[in-house]
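Enquirer: please work out how this folds:
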Amino acid sequence: MAQDGTEDAADARDLEDAAPTGGAGAVFLEVSQQPYISVERGAEGGTRMCAVVTVTVDLAAAREGAAAPAPLSRAEVLLLDCSASMGYPREKLWAAQDAATEAVRALPDGTYFAIVAGRHTAELVYPTGSGPSATTLVRADATTRKEAEDAIARLVPSGGTAIGSWLALARELFGPRPAATIRHALLLSDGRNEHEQRAALAAEVTACQGLFTCDALGIGEDWDPDELQLVAGGLDGKADAVRDLDALPGEFRAVTAESVGRRLTGLRLRLTHRAGSGPLTVQQVHPTRRDLLPDRVTISDRCLEFRTPPWGDETREYLVCVAASRTPQEPVDRALWLADLKVVREVRDEEESIAPQLPPARALVVHWTRHRDLYSTYDPKVEHYAHHDALVRGLEEGRAAQRAGDPVRARAAWGEAVRRAHAMGNEPMLQRLGDVVRIIDAAAGEVEIRPDIRPLDINSAMVLRAHSTMLPPQKKRTQHKPQDPECR
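Expert: Okay, here's the model as predicted:
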């Protein structure tokens, strides 16, 4: 595509109509934006142009005439909280043992795995070796699964909680595996990280980034949603609460199955922009929120790439905002090129995986105009995720007000969170908020704080704040008048 800033809108549509065909798996790319900006705003020091980038991976296409790829090497580490609090009530540890057993049974043959007991230090309980310093994994088969189940059954609660040490042992275990291995950890905790400074936990999360992904689950009454989100958000995973101990084995089984389904690695989102239109925001916004900009890889002065963790059959969405300013020479009422967005793949020599058909680039454009009816609307997908930002602010302000003993401010903040969750169609969040407040009118944000509210109820809502829902299909074609200044 020409990059002189005068690319025609028809040419951009030609790119959008192209789609990958055939191949061993397929990747699809769409860009949703409202390109119109007022001429005056573009000349007043510039603004930003935002778009939602949708990437969909369809691994089923690998079965349509293409030879089945050799399976990737896979490694899984279960990090189980075995601190003293897991014994009160004892049912917590029993549920964790049942859940870990389900996860082990769900591992495909040949998966490298290990079981770690987390206390104020981390202990490798399977495979057995030379004590806590052992750094080995074992391949899953009928024999090793039975041995692992026996080791899980012998777990006893004792000691404290130092989650960073659990992650450090996982990092040691994963380290010797080949670069192509898909590495995943599943962490379960029932308490706060009391035997370790938060800075130490944050430093360990940073040390683990890019080496493995990690999902985190909280059970019981005393875990900290901020700590679980720090771990899961920093390691490309999800954090959630399991309020019913009977549901814990099913949750472990589901998370493990989701990890097993991820078979495509090395995808990167590439952004090539015109001079002066560098990226201001690059965030994954679905299924969870994550800022990609700090970890960007610079390819050239005007080309950046952003890594993504392994993929299964799934769709992820990204919010991309680039700087947009107008010079007097630029034409009005014409689509002008700002940037290209493309999916590329980094393939390692030792990797045996799917070789998917990749889609063509998509253009991000700007259209300067003096027509208010054009520039005063927002793209519905961009606005959808702006609601999520406001939802998170409402959750956090509500929790802070509740802690400060200010129920009036808490009610207003949680009411705004309810209103935004309703606008997004975020039913999981509405259900969690329904345990914090009685929802009278979701659309208006009218709520009452429940008199029997517990810390667990607030934590269960807070831990979902990084989760998001996609825009319902029936709303995608409708342009909206602006409600939030951050949408642009």
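Enquirer: wait, a helix at residue 322?
Expert: No. Residue state for residue 322 (DSSP: H, G, I helix; E, B strand; the rest coil) corresponds to strand; a helix is not indicated.
Enquirer: how many neighbours does the closest residue to it other than its chain neighbours have?
Expert: Closest residue to residue 322 apart from its sequence neighbours, by C-beta to C-beta, 6 or more residues apart in numbering: residue 277 at 4.8 Å. Quick note: C-beta positions are derived from backbone N, CA and C, even for glycine. Applying other C-beta atoms under 10 Å, we find 23 other residues in the vicinity of residue 277.
Enquirer: assign a three-state SS to residue 277, would you?
Expert: Three-state secondary structure (criterion: three-state DSSP) places residue 277 in coil.
Enquirer: list the contacts of it.
Expert: 322, 323, 324, 325, 338, 339 (C-beta atoms under 8 Å, 6 or more residues apart in numbering).
Enquirer: give the rounded mean pLDDT of stretch 218-229.
Expert: When the per-residue pLDDT values of stretch 218-229 are averaged, the result is 93.
Enquirer: what's in contact with that stretch?
Expert: With contacts defined as C-beta under 8 Å, 6+ apart, stretch 218-229 is touched by 85, 92, 95-96, 163, 187-193, 198, 201, 216-217, 239-242, 245, 248, 454-456, 459-460, 462-463, 465-466.
Enquirer: are any of these buried, and which?
Expert: When burial is judged by neighbour count using 16 or more other C-beta atoms under 10 Å, the buried members of the contacts of stretch 218-229 are 85, 92, 95-96, 163, 187-193, 201, 216-217, 239-242, 245, 248, 456, 459-460, 462-463, 465-466.
Enquirer: which stretches in the stretch 151-300 of the chain count as strands?
Expert: Listed in chain order, the strands of the stretch 151-300 of the chain (DSSP state E, counting those that start in this stretch) span residues 182-189, 213-218, 239-241, 267-273, 279-286, 290-291, 297-300.
Enquirer: need the ones you listed in TSV with distance to residue 167, can you?
Expert: Output for these, formatted as TSV (distance: least, C-beta to C-beta, whole Å):
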stretch	distance to residue 167
strand 182-189	8
strand 213-218	7
strand 239-241	14
strand 267-273	25
strand 279-286	21
strand 290-291	18
strand 297-300	24
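Enquirer: pick the most deeply packed of the ones you listed.
Expert: strand 182-189 (a mean of 26; mean count of other C-beta atoms under 10 Å).
Enquirer: parallel or antiparallel, which strands does that strand pair with?
Expert: Counting by DSSP bridges, the strands paired with strand 182-189 are strand 74-81 (parallel), strand 213-218 (parallel).
Enquirer: kindly reformat these as TSV and extend each row with distance to residue 252.
Expert: Formatted as TSV, the strands paired with strand 182-189 follow (distance: least, C-beta to C-beta, whole Å):
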stretch	distance to residue 252
strand 74-81	8
strand 213-218	8
